[in-house]
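model the following, please.
(2 chains)
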Number of protein chains: 2
Amino acid sequence: MNIIPHMIKRYEFGQPVVDTGAVVMDVAPSIGEMPFGVVESRSPLKFKCGLSRGEMVFGLGENVRGINKRGFRYVSWCSDHACAGENDSSLYGAHNFLIISGSARTVGLFFDTPSRVEFDVGWTRGDELVVSCDEDGIDVYVITSEEKRKECALKDIVRQFRRMVGRSYIPPLWAFGFQQSRWGYKTEADVRAVVENYRSRSLPLDSVCLDIDYMEGFRDFTVSKERFPEFAALNKSLAEEGIHLVPIIDAGVKAEDGFGIYDEGRAGGFFCTTPGGDVFKAGVWPGLSAFTDFMREDARAWFGSKYKALVDCGVEGFWNDMNEPSLFYTDDGLKAAFRKIDDFRGRELDIDSFFDFTSVGGSMSCRLEDYRNMIHEVVGPDGSKKSVPHARIHNIYGAMMTRASGEGLSAILPGKRTLLYSRSSCIGAHRYGGIWMGDNCSKWGDIELEMRMLPSLNMCGFMYTGADIGGFGDSSSRDLVLRWLALGVFVPLMRNHSAWNTRMQECYAFDGGTEDFRSVLSLRYALIPYIYSEFVKACDSGDMMFRPLCFDYPEDEIARSIEDELIVGNEVLIAPVCRQNAGGRLVYLPEDMTQVVWKDCRASESHVGKGVHYIDVPEDTVVFFIKRGKSVPICGTIAQSTDKIDYGSLVRLGDDVPYSLYRDDGFTTDIDVAANTVELWA
Amino acid sequence: MNIIPHMIKRYEFGQPVVDTGAVVMDVAPSIGEMPFGVVESRSPLKFKCGLSRGEMVFGLGENVRGINKRGFRYVSWCSDHACAGENDSSLYGAHNFLIISGSARTVGLFFDTPSRVEFDVGWTRGDELVVSCDEDGIDVYVITSEEKRKECALKDIVRQFRRMVGRSYIPPLWAFGFQQSRWGYKTEADVRAVVENYRSRSLPLDSVCLDIDYMEGFRDFTVSKERFPEFAALNKSLAEEGIHLVPIIDAGVKAEDGFGIYDEGRAGGFFCTTPGGDVFKAGVWPGLSAFTDFMREDARAWFGSKYKALVDCGVEGFWNDMNEPSLFYTDDGLKAAFRKIDDFRGRELDIDSFFDFTSVGGSMSCRLEDYRNMIHEVVGPDGSKKSVPHARIHNIYGAMMTRASGEGLSAILPGKRTLLYSRSSCIGAHRYGGIWMGDNCSKWGDIELEMRMLPSLNMCGFMYTGADIGGFGDSSSRDLVLRWLALGVFVPLMRNHSAWNTRMQECYAFDGGTEDFRSVLSLRYALIPYIYSEFVKACDSGDMMFRPLCFDYPEDEIARSIEDELIVGNEVLIAPVCRQNAGGRLVYLPEDMTQVVWKDCRASESHVGKGVHYIDVPEDTVVFFIKRGKSVPICGTIAQSTDKIDYGSLVRLGDDVPYSLYRDDGFTTDIDVAANTVELWA
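Residues are numbered from 1 along each chain as shown, chains lettered A, B, ... in the order given. You can find the predicted model right below:
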C-alpha cells in the first residue's frame, strides 16, 4: 500500500480563529460542496450524513463506549472528568477524526477546530451522523482511498491522515519500561521504598512518577527542599539502579508574588488575562494560580525553558497535568455560589430549590463563564494579534502546553529523546508527546475501556499512551491490578497509578505474594524489543499499533462484533481477561494461530485453529496469539530494567520466519529510526 | 432431593434489638462454637473465615459486581443510590445470605439482623471472608447439606434457606405482562397516549405505572383531581383494554396540617418521632414529610388500610418507593450545612477547604445523624415496648413497609392476588411483595448487572424482580432498549421505566419503526405460560428460577467462569447480547442443546453441540437454548395482554417430552398453586 495523499480534500467553513497546528501538510482548499452529506449550516458548521445499516464508525480518540462509536453523543470539550462512566460524553482530549466504513464506502473525516464539537453518531437517529460546531471557522478534511479492499482502504485512510498530521512522538526506550506512580509519594524515602520493594522482589521497574506531592506547595518547577533535600543526588543514584524519576508539571502556576516563576511570567506578560488585562486567576492545587498563554510562541518558549531546573537535576521525563485547563474555582464563581446559597437561607426549601441548593457546590469548577473571561493573545493567519476568549480555543490549550514542553525539552537536551505525556490533548499534540488516558477508576470495566481507546487513539496519532493500571480513582484489588497488568504488558505506556486516599496498589502491596505479579511483569520485559519495534514501525508508517479485529479481517462478519480482542503490531492478537473471578474467557480467532501461554516467566506454544475457543487463564498467566506466517522476538532472560535488556538472548515465537527488529540506540527524533533495523534470523 | 431443614444451625450473638421477621421456621439455638471460621468479636459480631483458592461465594442479593461475589466489600445498608457503579457497596436492599462453595465444602450463611453489616469477601485479603456488624444482637444461621454432589448441595442449601424464610410472594398473572412506566406521565391524556401508542402498533402491554406525578402535590393516597379527574373511570376503561394502572406510594407522608393522612397518622401516633417525642420530619418529594413507624403493628395496619382509596378506584397493583427511607434533608442538616458554608465565607480557600465547601451540598441526604434522631417504638421479645433509633433497624424499614402494604392489600382484597413491588427490601419482605432492582441507569453495563443480580436475588427469596429496562437514569437509546428487552423477555418483572428529564424510551419512542420491538416483545407473550409456570414452581420448591451455569454444571470448569449466560427455570439457557453494536456474541454451552431463534414472531429450532459458538443475533431477534430432554411450551398466537393468552395455541419447543404447566386461575395465595398443574402433551 502506498500513501496517496491526493485523496485528501479540504473544505473551508469560515476563517478559523487560530491554526490548531494539527495539520502539517499543505492541502489546497477544495471548491464546491462536500462529496457527501448535507451542510445544514455553514457558520457555525452543522454537518449531517446518513449511516447505513451495518456501517461502522471508528475514531474520536479518547472517549467512552466501544471501538465502533455508533450509538452515542460525544462532545469534544477537554474535561477534567475523573472516574467517567459510559454516559460521559467528554473526557480529557479532543480528537475529531473518524472513519465511516461500510460495504459502500470507507471515508475519513477530520474536523479541524480548537472549539467545541458535538458528534451525534447515530444516537438521536440511528441512521444519521450529525456533527455540530459551536464556533465559526473550521476546516473539514475528507479522506478517501483508491484501495478497493476494505482492509486496505481503512489502513490507507489512517496512513493518509497520519501523514497529514505528522509523525507521532517517539519516547526513549526506557519509557517502555514499567512505571510506578501514586498521588502520595511525598518524600525521598517513599520513592526509595518503592524502588527497594520492586528490586528486592525481582519485579522489573524503570520509572517512578512523582505526583504533585514532590513540589514545594504545588509550585511548578520547584522541589520540596525538606522532603527531597538532595534531588539531583537522588536522580543520580536511582539512575544507577536503572530507575528514572518522572515528575508532574501542572498547568496552573501559583499566583504568588515572590514566587520566581510567577514573577517572571507576569513580567513577561506570558499569562492569560482577564478582559480588563489583569492576570487571570483560578484556584487549582496551589490555590489561586495563573495560566500560561500557550497560544503565544514566546510564552511557550518561556514555559518550556523552565523544565531545565529539573533536567539539571537529572530528570529526563515529565507528565503534564491539569491542562484542560482544569479550574476548580474562581473568585467570580465563589461569589456567585455564595449569592445563590444566600438566596436559600431562611426559606423553606421545596424539592426543586433543595436540588438547586445541593448543586451549587458542583457548579463552581470549569465554568464556561470562567473560560470566557480567560483571554489569550493569538496571531491570526494575516499575522495580526488579537484577543480571544479561552472558550473559543479551549480544546488546544493542553496540546499547546505539550508543544511548549516538547519544544522546550528538545532545546534543553538537543538530540536526546525525553519522556513526555500529558492529560489533555488535541490532534497535533501527538507530535510532541504522549498522553495517558486520564483519571480513570479502579473498575473492571475500565480495562475494557482501555482496550477500546487504544485503536481509537492510535488512529488519531496518539501512539505513546496507556491507562493507569489498577485504576486511578477508588481503591483497587489484587486481582484487578493483575488482570490489568496482563493487558498493560502490550501497551506502550505501562504505568500503575493511584489516587490519594485510595488503597496502595503497587505490585507488592497486596497479600498473597508477588510471584504472579513477577510472572506477568516479566512478559513485558521479555517483549520490550518487540513492543518498541512495533511501536516505531507504526509511528514511521502511520499505521495503528492496536487495531480492532475488523481492520485486519474486514470480510469476517464475526470479527466486526468483537471488541474485547485486539491486534497488536503486525503479529499478535490479544484477548485479556476483563472480568473479576473469571478463570479464563471465550476467544474468537479469525484464522489459525500460534497460542502462546506465558507462565512462570516461560512461554509455551501450541497451534489453535480459526474459530471460537475457551482459554484457561490463571491470574499469573498471560495468553496471546501469533498470526500464521509471523514470528515474535522475545528475550530469553528477563531484565529488571530496560537498560539491562539482553538482545543476545532473543528467541523467536511463532512461525519460522524472519522478524525485522527496530532498535533504539539513542537516535534523535530527527533521524529516521527505520534506518536502525535489524533483520533477525533472516 | 428432599429438603433437610435439620441441616440448619442457629448461633446467637446477643439479643437482637428486634425480630427482623425474616425467619418463619423455629430453629433452636445451637450451643458451642460456629462449626468453622473465627469469631473475633461477639458484640458486635466480627466473623472471619478462610476462602480457599477457587472457592466461590454466591448470594448477597441486590448488589454490584459478579455472580461470584469474591473480590469486593459489600455493605448491607439500604441506600438511595441511583446510577450505581461497580464500586458502590450499598444499593437499596440488605440481603445477608451467602453460600461458600468449593471442592471441600458448600455452606450457607445467613446473618439475621436489622442493622448494618459489612461483607469483605476476599477484598482486603484474597483468602478471607470477614463479616462485621455494627450493632449487638444477631442470629447467624449456618446451613449445610448431606447431598454429596455439589450441584445438589448448592440447590439443597438454597431450598433449606428458602423454606426457613417462607414462600416467596406470587403476583397475579397480569403482573407477568409488560409494564410501561416513566417519571413524567402527568395526566390521563399521557396515560391514554401510552396505551394507544402500544395498542395501535400491536405492541403487547399489560400495565402502565404511575410515578409521583399522578398525586396531588406528591401526597400519598391522593390522585390529582385536575390531571386525573375521573380516576375510577379511567381504571375501568383501561381494564377493558387489558391494561392495569400501577401507582407509586412513597414512604414519606407530607407533614401538612389538614392533609387527612397526616392528621390521622399524627393523631394515631403512627409516625416515627424525634428523641423529644415530636413527629420526625425530613424533606422528600412533597417537602417536609413524616414517616410511618412500620415497626408497629398498628401503624402497619393503618398504613396498609390506606391503599383502599386507590383500590376502590380499580387499582390492583402498587409500587412502594423511597422506603430506605431516603431523606433528602432535615432542618438539622440544613442548619449544619449553612453553618459550614458560613465558615468558608470571606476566607481565602485553600484546596482542602475548597473541597470541603463543595461537598456540603452532597452531605445533607440520608445522614446517619438524622437516622439516629428518628425514633421507632419496637416490641422486644419479652413483649415490652422500647424506643429504638432508626439507625439500629434501618435495613428492615422498607421490608416492613412492604409487609404493611401486602397485609393491607390482602385485607382489602381478600383471596385476590395483587401486584406489589418495592425499592427497599430485606429478606422477609420477599413473602409480601417483589422488588425492582432500584434506580439503575441507561448503561450497557447495567444489562449485565441485572443478569448477575437475578440469581443472587432468587437465592435470597426475591423471585418477582427485574431491572428497569432501558435504564432509569440518563438517556437511553433504541439499541439499548431493544437489547435489554431481549433479556427482560425472561424476567418476571418486565418494566420499561425512565427518569424525569431523560429521553423518552417507550418501545415506540425511537425512529426506525417498531417492528423489531414487536418481534422481541411478542416472545414475552409467547413465553408467559412458561415463565409463570417456572416462576411458581420455583416459589413452591424454593429453587432459584435464575441460576448461574455452575449451579447446574458444577463440575464444568468453564461454566464457573461464565457470568453472562444464565439458566432460566428447568429448561432454558439464555445468553443475551450486552454490548453495543455487537451483531452477536460468543456463547458456551455446557451440553448439547436445542437452539431457538425467535424472529418475526416465529421460532425456529436447530441442534447445537456442547462447546463454544458464535451466535448471530440481530436486534430484532432473540436466541435461547433448551436443555436436552426438556421442552418449553410457547404460544402459537401472540396476545396483546395476558388476559388474551390462548392456551389452546400452545406448541412445544425442544425435545419430544412432556412439560408440566402451572396455570393461574385466580387462586388465592393460601391455596397451593401446585395443585393447578396441567401436564402438557404427557
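
okay, now the closest residue to chain B within the stretch 1-150 of chain A: neighbour count?
For the stretch 1-150 of chain A, the residue closest to chain B is residue A:68, as judged by CB to the nearest CB, at 4.2 Å. Placement of C-beta: from N, CA and C, glycine included. Residues lying near residue A:68 (other CB atoms under 10 Å in any protein chain shown) number 23.

hang on, isn't it packed against residue B:581?
Yes. Counting by CB atoms under 8 Å, residue A:68 touches residue B:581, with 4.2 Å between them.

between the two, what contacts are shared?
A:56, A:563 (CB atoms under 8 Å, 6 or more residues apart in numbering or on different chains).

which regions of chain A lie under the pLDDT threshold?
A:1-6, A:664-682 (pLDDT under 70).

the residue of the stretch 1-150 of chain A closest to chain B: which element?
Assigned by DSSP states H and E, residue A:68 belongs to neither a helix nor a strand.

next one: residue A:142
Assigned by DSSP H and E, residue A:142 falls in strand A:138-143.

try residue A:234
Using DSSP H and E, residue A:234 sits within helix A:231-240.

got the residues of the stretch 451-600 of chain A near chain B?
Contact residues, the stretch 451-600 of chain A versus chain B (CB under 8 Å from any CB of the partner chain): A:474-475, A:477-480, A:510-512, A:557-558, A:560-561, A:563, A:579-588.

ranges for the helices of the stretch 51-200 of chain A?
According to DSSP state H, counting those that start in this stretch, the stretch 51-200 of chain A carries its helices in the segments A:150-165, A:188-200.

related to what we said a few turns ago, which of the residues of the stretch 451-600 of chain A next to chain B fall within helices?
A:478, A:479, A:480 (DSSP state H).

list the contacts for the second one?
By CB under 8 Å, 6+ apart, the contact set of residue A:479 is A:580, A:581, A:619, B:71, B:126.

do I have it right that the last one meets residue A:510?
Yes. Contact status for residue B:126 versus residue A:510: in contact at 7.4 Å, counting by CB under 8 Å.

what about residue A:228, distance to residue A:349?
For residue A:228, the distance to residue A:349 equals 49 Å [CB to CB, to the nearest Å].

who's more crowded, the two?
Taking neighbours as other CB under 10 Å, residue A:228 and residue A:349 compare with residue A:228 leading, 26 against 19.

ok, the more buried one touching residue A:190?
No. Residue A:228 is beyond contact range of residue A:190, at 9.9 Å (criterion: CB under 8 Å).

mind exporting the C-alpha coordinates of stretch A:93-113 to CSV?
Taking Å, rounded to 0.1, in the frame of the first residue of the first chain, the C-alpha atoms of stretch A:93-113 are listed here in CSV:
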residue,chain,number,x,y,z
GLY,A,93,-8.9,15.0,24.9
ALA,A,94,-10.5,16.4,21.7
HIS,A,95,-9.8,14.1,18.8
ASN,A,96,-12.0,15.0,15.9
PHE,A,97,-11.0,12.3,13.4
LEU,A,98,-13.4,9.5,12.5
ILE,A,99,-13.8,6.9,9.7
ILE,A,100,-17.1,5.7,8.4
SER,A,101,-16.8,2.2,7.0
GLY,A,102,-19.4,0.0,5.3
SER,A,103,-20.0,-2.0,2.3
ALA,A,104,-20.5,1.0,0.0
ARG,A,105,-17.8,3.4,1.3
THR,A,106,-14.8,3.9,3.6
VAL,A,107,-14.2,7.6,4.3
GLY,A,108,-12.3,9.6,6.9
LEU,A,109,-13.5,12.9,8.3
PHE,A,110,-11.3,15.3,10.3
PHE,A,111,-12.9,18.4,11.8
ASP,A,112,-10.0,20.8,12.5
THR,A,113,-11.1,23.3,15.1
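
all strands of the stretch 201-350 of chain A, in order?
Applying DSSP state E, counting those that start in this stretch to the stretch 201-350 of chain A gives strands spanning A:207-210, A:244-250, A:252-254, A:281-284, A:287-291, A:317-321.

report the buried residues of the third one.
Taking 16 or more other CB atoms under 10 Å in any protein chain shown as the neighbour-count basis, strand A:252-254 is seen to contain the buried residues A:252, A:253, A:254.

with the last one instead?
For strand A:317-321, the buried set under the neighbour-count rule, 16+ other CB under 10 Å, comprises A:317, A:318, A:319, A:320, A:321.

sorry, back to before: just the buried residues of strand A:252-254 that are near chain B?
Okay, of the buried residues of strand A:252-254, nothing touches chain B (CB under 8 Å from any CB).

show me the residues of the stretch 451-600 of chain A next to chain B that map onto strands.
A:584, A:585, A:586, A:587, A:588 (DSSP state E).

ok, the last one - contacts?
Read it as residue A:588. A:549, A:558, A:559, A:562, A:565, A:611, A:612, A:613, B:586, B:614.

show me the contacts for the second one.
In other words, residue A:558. A:588, A:590, B:584, B:614.

in three-state terms, label residue A:530 for me.
helix (DSSP: H, G, I helix; E, B strand; the rest coil).

what parts of the stretch 101-250 of chain A come near chain B?
So the stretch 101-250 of chain A meets chain B at A:123, A:125, A:126, A:127, A:218 (CB under 8 Å from any CB).

need the max-distance pair from those.
A:127 and A:218 (49.7 Å; CB to CB).

point to the residue nearest the middle of chain A.
residue A:435 (3.1 Å; CA atoms, centre = their mean).

not counting sequence-adjacent ones, nearest residue to it?
Closest residue to residue A:435 apart from its sequence neighbours, by CB to CB, 6 or more residues apart in numbering or on different chains: residue A:425 at 4.7 Å.

pretty sure the one you found contacts residue A:92?
Yes. If you go by CB under 8 Å, residue A:425 and residue A:92 touch, sitting 7.1 Å apart.

have a look at the two and say which one is more surrounded.
Legend: neighbour count by other CB under 10 Å for residue A:425 and residue A:92, higher for residue A:425 (36 against 25).

got a list of what the more buried one touches?
Here residue A:425 is in contact with A:62, A:78, A:92, A:93, A:94, A:95, A:398, A:399, A:402, A:435, A:462 (CB under 8 Å, 6+ apart).
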